[in-house]
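# Could you work out the structure for the sequence below:
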Amino acid sequence: MEKFGQYILLDKVGSGGMAELFKSKKVGIEGFERVLAIKRILPHLSSDEEFIDMFIAEAKLVARLSHKNITQVYDFGKIEENYFIAMEYIRGKDLRGILKRCNEKNIKFPVPLAVFIAKEVASGLSYAHRQKDSSGKNLNIIHRDVSPQNILISYEGDVKVVDFGIAKAGSQSRTTTGVLKGKLSYMSPEQAWGKTIDHRSDIFALGIVLYEMLTGERLFKGDSEINTLEKVRAAQIDPLPSSINAGLPAELEAKLLKALAREVIERYQNVSDLEADLGNILFELLRADPALSLKQFMHSLFKAEIEAELKKEMMMVEETISMPLEKESLAVQAAGQTAALRQREAQKPAPRIQKKQRSYGSFIGSLVAVVCLSAAGYFFWVNRDMIFSYFAGIRSSVNLKAINKNPAPQPEGRAVNISLKNGNVLSWSGYFEEEGNYCTYNPSGKFCVPKDDVAEINFASAAVPAIEPPAPAAATVQEEQKAPPVPEPKQAAEAAEGRLTVNAMPWANVYVDGKAYGTTPKTIEDLKAGSHKVRLENPNSPAWETRVSISKGQTAKVSYKFGEGGKLVINASPWGNVYLDGALKGQTPLTIEKVSGGKHRIKIAREGFIEASRDIEIREGATEQISVSLKKEGG
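Model prediction:
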């Protein structure tokens with residue numbers, strides 16, 4: 001812990017070749033405190049005029065930006081020989097650390113959350129790209145280093161773009177020809193060639209980040225820096241995201257490939273257009289609050305770290321209190337020793353009088369407290385019988401469910417794990433169904449999730465007490481009233497019924513004893529105990545049947561994976577963009593794995609050429625090859 005001007009440096013959270021990053025606290029008048037991040041350049045760079053100019057340019061640039069998806073800068077200055085920037089402190093992790101943790105735990109990054117993060121980053125970049133100077137001229141701000149390290153995710157589900165350290169506005173001098181700034185693996189092709197770039201370079205970089213979230217793999221990672229640079233310059237998207245993540249929606253892959261187009265003119269021309277497309281896709285993927293889902297995901301990944309940080313913060317509070325810091329001097333520094341503050345300080349009464357006033361006020365406050373406590377004690381003693389009767393009546397009203405004409409639904413009294421389609425798992429003490437939702441009660445009230453967002457429901461073997469909802473406001477209280485126990489209606493049914501959970505890859509229509517129950521994933525309630533015939537149908541594969549035994553009060557599971565499909569190899573001369581059933585898959589030469597069995601339509605197109613189309617039929621385990629020659633229009 002170190003005092004740094006008007007700040008207290010609490011903990012070093014990172015350092016690089018140019019600067020150190022500290023978690024810090026600013027202390028002001030009347031006990032005002034604020035936790036900030038201090039970016040302080042290293043001492044040996046303080047005499048480097050070129051670097052100082054760049055650091056000052058960063059501070060001036062970012063100070064212009066005020067957006068929910070960009071870290072806010074609050075202060076910039078120099079204390080002794082150290083230049084610094086004071087900015088918003090984010091309690092969370094950078095995206096690189098999150099992806100690393102997912103890899104360590106063998107967890108696939110949820111597709112909806114990847115789309116949400118990319119959309120939020122796009123929103124912040126769009127704001128920066130649109131900034132103008134005081135005369136209304138576009139500043140042409142480019143981040144130039146969009147990468148997982150520079151995307152922060154808070155434990156509360158906020159997404160922030162950080163480190164505009166090499167960002168450049170059009171009014172600043174151009175980068176020296178041949179000098180590369182940024183991380184090689186996240187550069188655009190034009191940036192890797194050392195060419196003049198614009199805001200569309202940030203769009204390509206964001207596409208690389210989204211690819212990594214969706215697949216868990218680096219897009220451009222070579223054996224050496226030279227090899228990595230060559231891969232970036234070639235900008236070959238291989239393998240395609242869907243060949244790694246088979247569950248990726250075709251529309252999402254098409255938008256991603258557009259952001260990753262090698263030619264600038266074929267990319268999104270504005271990041272706001274990418275933001276809009278991602279927003280539309282996110283709406284189809286996740287009906288719940290995405291920020292809340294991201295918060296839950298972060299807490300599941302970093303539960304131990306969050307608890308450790310809270311404990312550490314409590315220890316820091318105690319250490320800060322023990323430091324010999326005078327509030328008056330800190331307040332003067334915080335206000336810059338302005339004339340108004342000096343005048344206010346001069347008008348204050350002498351210290352001796354202040355002490356007397358504080359002592360007198362404390363005496364009066366203590367006297368009032370004693371009187372109030374004495375009065376409360378006397379009231380309680382005189383009316384103790386009435387008070388005890390009142391609370392006894394409340395206890396009776398809570399237990400007497402029959403008194404309320406419209407009681408709230410009761411969760412089933414068994415522990416349950418609810419697996420969501422986004423990868424999260426909710427552990428509840430019980431649940432009930434209500435208007436298309438699965439709901440439960442917790443200490444803060446009722447909590448529900450849409451049934452469409454639930455992939456699977458599993459019950460624990462041991463029964464636990466059901467969570468009681470809050471007592472209804474309309475319930476009446478009758479003193480000394482007792483009611484016979486009300487039997488739970490579910491108990492009799494559960495004694496002779498069970499559940500069946502059905503999953504299939506990629507999907508299937510579900511039939512049980514000839515009755516249709518919809519598509520997978522599916523949980524079927526209230527099946528009679530005994531043997532049942534289950535049939536799964538997928539139009540691209542032969543139907544599959546099995547028999548399953550349902551036990552009383554238990555949940556049985558049926559899972560089946562249809563064939564992996566076939567392989568499709570496509571070549572064109574010259575090269576062309578390949579569309580499978582209307583979805584862009586990449587550029588030729590192209591191999592598409594795991595194409596579902598059945599009929600498909602292939603289209604190869606390129607601007608200035610006549611498109612070629614083919615109807616093909618894919619058989620399980622077979623490889624189909626297509627070779628076409630594209631002819632120029634008007635040729």
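
# Pull out the buried positions in stretch 195-208.
Neighbour-count burial for stretch 195-208 flags 197, 199-208 (criterion: 16 or more other CB atoms under 10 Å). C-betas here are computed from N, CA, C, even on glycine.

# Over to stretch 541-553?
Residues 541, 544, 548, 550, 553 are the ones in stretch 541-553 that count as buried (16+ other CB under 10 Å).

# before we move on, back to that, which ones among the buried residues of stretch 195-208 lie within helices?
Using DSSP state H, 200-208 are the members of these that sit in helices.

# Among those, which one sits closest to Asn150?
Proximity of these to Asn150 (CB to CB) peaks at Ala205, which lies at 9.7 Å.

# show me what contacts that closest one?
Neighbouring residues of Ala205 by CB atoms under 8 Å, 6 or more residues apart in numbering: 143, 145-147, 182, 186-188.

# how about 10 Å then?
Ala205 makes contacts with 121, 125, 143-147, 150, 182-183, 185-188, 191, 259-260, as judged by CB atoms under 10 Å, 6 or more residues apart in numbering.

# and if you look at Arg535?
508-514, 516, 543-546.

# Doesn't it lie inside a strand?
Yes - with DSSP: H, G, I helix; E, B strand; the rest coil as the criterion, Arg535 is assigned to a strand.

# Bridged to it, which residues?
Tyr511, Glu545 (DSSP bridges).

# pLDDT wise, what is it at?
According to the model's per-residue confidence, Arg535 sits at a pLDDT of 90.

# what domains does the record give for the chain?
Recorded structural domains for the chain (assignment: automatic domain parsing) are 1-89, 92-320, 351-404, 492-562, 566-629.

# now these in CSV, with distance to Ala455?
Output for these, formatted as CSV (distance: least, CB to CB, whole Å):
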stretch, distance to Ala455
domain 1-89, 30
domain 92-320, 11
domain 351-404, 33
domain 492-562, 5
domain 566-629, 21
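
# just those domains: most buried one?
For the domains of the chain, ranked by mean neighbour count under the definition mean count of other CB atoms under 10 Å, the leader is domain 92-320 at a mean of 18.

# which one among the buried residues of stretch 541-553 gets closest to Ser627?
Comparing the buried residues of stretch 541-553 against Ser627 with CB to CB picks out Ser541 as the nearest, at 27.6 Å.

# Reformat the contacts of Arg535 as a markdown table; add distance to Phe76 and pLDDT.
Below are those laid out as a markdown table (distance: CB to CB, whole Å; pLDDT from 0 to 100):
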| residue | distance to Phe76 | pLDDT |
| --- | --- | --- |
| Ala508 | 60 | 82 |
| Asn509 | 62 | 87 |
| Val510 | 62 | 90 |
| Tyr511 | 67 | 92 |
| Val512 | 67 | 92 |
| Asp513 | 72 | 90 |
| Gly514 | 73 | 89 |
| Ala516 | 66 | 89 |
| Ala543 | 68 | 77 |
| Trp544 | 66 | 79 |
| Glu545 | 70 | 83 |
| Thr546 | 68 | 84 |
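
# sorry, back to before: show me which of the buried residues of stretch 541-553 has the smallest pLDDT value.
Within the buried residues of stretch 541-553, Ser541 has the lowest pLDDT, namely 72.

# That one and Ala508 touch, don't they?
Yes - with contacts counted by CB atoms under 10 Å, Ser541 reaches Ala508, the gap being 8.6 Å.

# joint contacts of those two?
Taking CB under 10 Å, 6+ apart as the contact criterion, the residues that touch both Ser541 and Ala508 are 560, 562.

# returning to what we had before: just the contacts of Ala205: which are in helices?
Among these, the members falling in helices (DSSP H) are 121, 125, 191, 259.

# Which of the residues you listed sits closest to Ser559?
Distance ranking of those against Ser559, using CB to CB, places Ala259 first at 35.2 Å.

# Pull the contacting residues for the residue nearest to that closest one when sequence neighbours are not counted.
Nearest in space to Ala259, with sequence neighbours left out and distances taken as CB to CB, 6 or more residues apart in numbering, is Gly207 at 3.4 Å. If you count contacts by CB under 10 Å, 6+ apart, Gly207 has them with 118, 146, 186, 188, 219, 237, 255-261, 267-268, 274.

# let's see it at 8 Å
For Gly207, the residues meeting the contact criterion (CB under 8 Å, 6+ apart) are 256, 259-260.

# any idea how far the closest residue to Trp544 other than its chain neighbours is from Asn437?
Nearest non-adjacent residue to Trp544, counting by CB to CB, 6+ apart: Leu536, 4.9 Å away. Applying CB to CB, to the nearest Å, one obtains 27 Å for the distance of Leu536 from Asn437.

# again, but for Ala205
Taking CB to CB, one finds Ala205 at 39 Å from Asn437.

# For the residue nearest the centre of the chain, give its distance to Leu21.
Among the residues of the chain, Leu294 comes closest to the average C-alpha position under CA atoms, centre = their mean, at 3.1 Å. Between Leu294 and Leu21 the computed distance is 23 Å (CB to CB).

# try Gly194
Noted for Gly194: a distance of 29 Å to Leu21, by CB to CB.

# beta partners of Ala19?
According to DSSP bridges, the residues that bridge with Ala19 are Ile41.

# quick one: it and Ala37 touch, right?
No - Ala19 sits out of contact with Ala37 when judged by CB atoms under 8 Å, with a separation of 11.2 Å.

# could the ones in helices among the buried residues of stretch 195-208 be laid out in TSV, adding distance to Val62 and pLDDT?
Output for these, formatted as TSV (distance: CB to CB, whole Å; pLDDT from 0 to 100):
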residue	distance to Val62	pLDDT
Arg200	21	93
Ser201	19	93
Asp202	15	94
Ile203	20	95
Phe204	22	95
Ala205	18	95
Leu206	19	96
Gly207	24	96
Ile208	23	96
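
# For Cys448, state which of those residues is nearest.
Leu206 (33.7 Å).

# Quick check: closest non-adjacent residue to the closest one.
With CB to CB, 6+ apart as the criterion, Leu206 has its nearest non-adjacent residue at 5.3 Å, and that residue is Val146.

# Quick check: phi and psi at that neighbour.
Backbone dihedrals for Val146, given as degrees, to the nearest 10, come out at phi -70, psi 110.

# Next, the contact list for it, please.
When contacts are counted by CB under 8 Å, 6+ apart, Val146 is found next to 121, 125, 161, 186, 202, 205-206, 209.

# on that earlier part again, surely the residue nearest to the centre of the chain forms part of a helix?
Yes - note on Leu294: a helix contains this position according to three-state DSSP.

# Okay, now the unreliable bits of the stretch 201-350 of the chain?
Filtered on pLDDT under 70, the stretch 201-350 of the chain yields the residue ranges 315-350.
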